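> how would this look folded up:
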Amino acid sequence: MKRLLFIHIKRLLFIYIFLTTCFPIFSKEAEKLTQEETLKRLIETELISAKYEACVEAKDPAPWDCVWNQLTPDEKKQVSEILGEFTDSDKKDDGTKYEGKAIGGGLFHDKASPVMKQLGDNLFDMFQEAMYGEITAQVQDTELRLVDHRVFYDIYKARISKEFIELLASFCLDSTLVNNVYEIPSDEQKLKDLREQNIKNMHQNPEGEKTKFNTCIVEIKNICTHQASGGTCDKINGKSIACSKDDHTQDRACQVQEAVNSIKKSIAATEVIQEALDEEAAKEKGQGSLGSAISGKKVSIYTGAKMGDRQSVDTMTSITSGQLEEAMKAPDDKTIFEEAAQKLKDDCQQSLTQECKEYVLDGDEIKESKDKIAELALRMRAMEERINQNLDPQGGDKSKKELEQFFREEGLSEEEIEKIVTNDKKVKLALEQIKNNYRERREAIINNLQNKLSKMVPKDDTDEEKIAVISRVSEELMDRPKQYQQLLHYSNIVSSYLSTSSPDADVDASGDNSSDNSNNKNLQVSDQNNSSRYTTAAAKELGSLGKDYQDVGDDLAKKVDIEADADPDNGEESLISIGLDTINNFLYKEVIE
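Next up is the predicted model:
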């Protein structure tokens, strides 16, 4: 169990924090959809076949959008039934109706996966040592170091809570903010230059960068939904909101929001497991333990707090630029990415070996990837149709009822839902936001997948074009170490702009904190430097900086008022544990507040 959980944690780490170069979203449905060959069944039906062939023949870049726009309402309903997810039934078997199973991006693998796996193995070794400490011969002879199995879920939740911060930090790092309008350059060199400048800005004036980061967190949904008109953003409830300057920036914001939605699902699933484990622990109280059943050695059971050279969960799950630099090291002062890039260049420049072909989509792989994107596009179209029909701002009481169901699936409390649906102004705003936001996210997700696919597909079926694709992969591998380190460095420092607080639900009327998870802390955006600041990631980063940032470490520590410490021990109460309410307060703030 331990190994499997750590592998999953490790995989999650790469997929989320390295958003700047790849943006998969977990989708277990992908294999299921391929096996069912839903796309094939759809194409073979008289309902679709002629329309699909015409759209393909016309070389429409989005054939399923082309097909969908030609369908009548009854035909759309028939297609939805063939898809099997969006039928007229009130709810799916799991009780959901709007759960975004149709949304997913992990439809084809990253062609740099061999070197990513190597990096994963190196980070896994760091995790193990952080959890168990250094297992010397003396420790082996005298001590049995164990881990409470509940800790693995604490680690998982702490890690994805920090990935939430890293996701939003990645958008901030790549953007400029002027008068509430965000812009991310589409030109790669300009983007690289901007990242350097934003890192420099953070070093020189942390308080200035704080404003942009705090706005990023609470406004990411609006940046995805709204684009500037005449250089200014819209207003909601009489208040100015943030927005994107152009389509490229808007797509990035929507990709980040979709990843945040995926994190929400992971958090919800983890909380269910944690509650069950807590119930089991309460039942077993006083019935003995593994530690008391073993004799002859000192037994130390790790429960998540710092124990000697065993790091706390909070510290362990904060990855620094210095740690990443160490994990990426290869012989001869190179990184494993530079080594892989050089090998590609040497082995694949003149001819294509079988190993070289692993980095290029070819033949059936291209068709399979296109088919998966096409089916996902159709599924999202079907879900959009359901949202447009059921959550129509002009739909009256029916729309209110559907809105209640939607927000329950989003994890809002019954009290919050009641406050929304009894306020006609909030109902209208919520319905408009949901409809517009889903449309923008759908377009962004499909655009992103098509762009990723185009980078891996040769223009012609020749060795020359395939070598050109490999050359691009090689260049990207060379760039990745710096991008990864920049993101971790930036994210760790800007996380100290946030404050922590105990969830209100954990405090009863008498003021006593009665929750079993009372030590967990939720994140808040705060403009004040107060005692509840979240400092663990920044302290560890300052104590374990990559070589590019070591010269500014002392000055930066003074400016952010955090002491450098490679192994900070802030106690269990500092552990960040983002709940659904935290994310929902950001995503639906206009209707919740």
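> use CA for all of it now, contacts and neighbours both
Fine.
> what segments of the stretch 351-500 of the chain are helices?
Under the criterion DSSP state H, counting those that start in this stretch, the stretch 351-500 of the chain contains helices at 354-357, 364-390, 396-410, 414-421, 424-456, 463-494.
> residues of the first one that come out buried?
Just to be clear, that refers to helix 354-357. For helix 354-357, burial by neighbour count (16 or more other C-alpha atoms under 10 Å) applies to C356, K357.
> and for stretch 197-208?
N198, I199, M202, H203, P206, E207.
> is it fair to say L545 lies in a strand?
No - per DSSP: H, G, I helix; E, B strand; the rest coil, L545 lies outside any strand segment and is coil.
> separation between it and K372?
Here the criterion is C-alpha to C-alpha, to the nearest Å. By it, L545 lies 41 Å from K372.
> could you do V260 as well?
According to C-alpha to C-alpha, V260 and K372 sit 22 Å apart.
> let me know the closest of the buried residues of stretch 197-208 to S229.
Nearest to S229 among the buried residues of stretch 197-208: N198, at 25.6 Å, using C-alpha to C-alpha.
> may I have the phi/psi pair for that closest one?
phi -70, psi -40 (degrees, to the nearest 10).
> need the contact list for the closest residue to it other than its chain neighbours.
Setting aside the residues directly before and after it, N198 is nearest to L173 in space (C-alpha to C-alpha, 6 or more residues apart in numbering), at 6.2 Å. Applying C-alpha atoms under 8 Å, 6 or more residues apart in numbering, we find L173 in contact with L194, R195, N198, I199, L487, Y490.
> now do L173 against P185, distance only.
Taking C-alpha to C-alpha, one finds L173 at 11 Å from P185.
> now do I434
Counting by C-alpha to C-alpha - I434 and P185 are separated by 27 Å.
> just Q140 next, same as before
For Q140, the distance to P185 equals 54 Å [C-alpha to C-alpha].
> with neighbour numbers in mind, choose between those two.
Taking other C-alpha atoms under 10 Å, Q140 and P185 do not tie; P185 has more neighbours (17 against 11).
> wait, is that one part of a strand?
No - the assignment for P185, made by three-state DSSP, is coil rather than a strand.
> tell me where this protein has strands.
Here the chain has its strands, by DSSP state E, at 143-147, 176-178, 181-183, 235-236, 239-240, 243-244, 298-302, 329-330, 334-335, 498-501, 522-525.
> looking at the ones you listed, which is nearest to D569?
Set against D569 and scored by C-alpha to C-alpha, the strands of the chain come closest in strand 298-302, at 14.9 Å.
> please name every helix or strand in contact with the closest one.
The contact analysis (3 or more C-alpha pairs under 8 Å, 6 or more residues apart in numbering; DSSP states H and E) places strand 298-302 against strand 143-147, helix 290-293.
> can you list the strands that that strand pairs with?
Applying DSSP bridges, strand 298-302 is found paired with strand 143-147 (parallel).
> contact partners for A564?
By C-alpha under 8 Å, 6+ apart, the neighbours of A564 are A538, A539, K540, E541, L542, G543, A557.
> go again using 6 Å as the cut-off
Shown in contact with A564 (C-alpha atoms under 6 Å, 6 or more residues apart in numbering): A539, L542, G543.
> ok, now V218?
V218 neighbours (C-alpha under 6 Å, 6+ apart): F586.
> one more time with 8 Å, if that's ok
For V218, the contacting residues are F586, L587, K589, by C-alpha under 8 Å, 6+ apart.
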